[in-house]
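Asker: sequence plus the predicted model coming up.
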Number of protein chains: 2
Amino acid sequence: MVTTAEHDEGLHELVEARLRRADLRYTAGRRALVDLLADEGHPVSISDIADRLPQLPRSSAYRHLVDLQGAGVVRRVAAGDEFARFELAEDLTEHHHHLLCVSCGKVTDVTPSSSFERQVSRTVEELADDLGFEPHGHRLDVLGLCAGCRA
Amino acid sequence: MVTTAEHDEGLHELVEARLRRADLRYTAGRRALVDLLADEGHPVSISDIADRLPQLPRSSAYRHLVDLQGAGVVRRVAAGDEFARFELAEDLTEHHHHLLCVSCGKVTDVTPSSSFERQVSRTVEELADDLGFEPHGHRLDVLGLCAGCRA
DNA sequence: CTTATACTGAGAATGAGTCTCATTACAAGT
DNA sequence: ACTTGTAATGAGACTCATTCTCAGTATAAG
């Protein structure tokens, strides 16, 4: 997914505002990370980041991801395998779910219909209410084999 | 959730059969783990296991969990936090989803209506088909605050 | 230009999870 | 009961993703 210039502008303004709210600066390293995440458009692992941003030290990448999470710009995705992946917060992109390949670990984004989402939200609230649980959001992951691994 | 004697018998027979198929024995340590998982009825962390089974070495607990996963008796659940949790395979219990507390990390099981599940399965297949993805199953996690952490 | 505070890189430290190895338990046959 | 092959076990060493520390650098505000 390649974002347009206008999108990028809006995105970066939003990110900068959220960082400022947390007394954080929008520096070059952080911006490079946000650009990468926006450009990829799906959750990326730390080694993906290291490949695409070789000049960015791992310790800084991790620290930036923690900071960006704290500012509500990034969220961590627990995949089936052992390593974490990261993507832009959902309100900076759009609500979506994940297809997780159980063979190669690849994660793909999918956007369900809004009528489906409405029903999910309604059911989630019913389930949660009975237990005194206050839902903030949900995630739906589909496990299976990606096109590449089926061959 | 405390299982009845009859349930336990059926469960243990099934588990033993699956282990035998993988050339594994159903030993006391493995049985203790399965008993714990059946008794808890929700995903447990390694430290939970260490607390409840202090005489079981961590290395053996991890090894048993790997073996039991390989035999299709246990599945690993990636929670929001950094540690893995483990529960009995879904076909040994029943299909369900999870409420994840973003504050304390607690995981609670919930079972949605079967009509809801049917719609989820149908939609999942539609989404996956377009991308050549072969779905094996899905998981729906609700993120929010548990009753305890709301107070 | 000063001061306060945030940022950065490099490497050390942490710790969940895995592996090794020497030993023990078990099942099946004799 | 004895042997033999194979699986299971405990203890601790080890791996490696992630976090922390620290010393030095950049930046915004007055």
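Answerer: Everything's here; your move.
Asker: could you use CA atoms for every contact and neighbour count after this?
Answerer: OK.
Asker: can you list the weak-confidence ranges in chain A?
Answerer: Counting by pLDDT under 70, the low-confidence segments of chain A come to A:1-9, A:80.
Asker: gap between the residue positioned nearest the centre of it and A:Asp48?
Answerer: Among the residues of chain A, the one closest to the centroid is A:Glu87, at 2.2 Å (Cα atoms, centre = their mean). Remark: distance between A:Glu87 and A:Asp48 (Cα to Cα, to the nearest Å) = 12 Å.
Asker: repeat that for A:Pro57.
Answerer: Between A:Pro57 and A:Asp48 the distance, using Cα to Cα, works out to 13 Å.
Asker: one step back: hmm, the residue nearest to the centre of chain A is touching A:Leu37, no?
Answerer: Yes - A:Glu87 lies in contact with A:Leu37 (Cα atoms under 8 Å); the separation is 5.9 Å.
Asker: that older thread, intersection of neighbour lists for A:Glu87 and A:Asp48?
Answerer: Overlap between the neighbourhoods of A:Glu87 and A:Asp48 is empty, taking contacts as Cα atoms under 8 Å, 6 or more residues apart in numbering or on different chains.
Asker: biggest strand in chain A by residues?
Answerer: With secondary structure taken from DSSP state E, chain A has its longest strand at strand A:134-145.
Asker: remind me what it packs against, helices and strands.
Answerer: Contacts of strand A:134-145 with other secondary structure elements, assessed using 3 or more Cα pairs under 8 Å, 6 or more residues apart in numbering or on different chains; DSSP states H and E, are made with strand A:97-101, helix A:114-129, strand B:134-145.
Asker: number of nearby residues for A:Leu99?
Answerer: A:Leu99 is surrounded by 27 other residues when neighbours are defined as other Cα atoms under 10 Å in any protein chain shown.
Asker: is stretch A:66-78 positioned near chain B?
Answerer: Yes - counting by Cα under 8 Å from any Cα of the partner chain, contacts between stretch A:66-78 and chain B involve A:Ala78.
Asker: again, but for stretch A:108-116
Answerer: Yes - contact between stretch A:108-116 and chain B, assessed by Cα under 8 Å from any Cα, occurs at A:110, A:112, A:116.
Asker: gap between the first one and B:Val74?
Answerer: It refers to A:Val110. Taking Cα to Cα as the criterion, A:Val110 is separated from B:Val74 by 28 Å.
Asker: more crowded one of these two?
Answerer: Ranked by neighbour count (other Cα under 10 Å), A:Val110 and B:Val74 place B:Val74 first, with 24 against 18.
Asker: list the contacts of that one.
Answerer: For B:Val74, the set of contacting residues under the criterion of Cα under 8 Å, 6+ apart consists of B:65, B:68, B:86-89.
Asker: turn those into TSV, including secondary structure and distance to DNA strand D.
Answerer: TSV is the format used below for those (DSSP: H, G, I helix; E, B strand; the rest coil; distance: Cα to the nearest atom of the strand, whole Å):
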residue	secondary structure	distance to DNA strand D
B:Leu65	helix	10
B:Leu68	helix	10
B:Phe86	strand	17
B:Glu87	strand	18
B:Leu88	strand	18
B:Ala89	coil	19
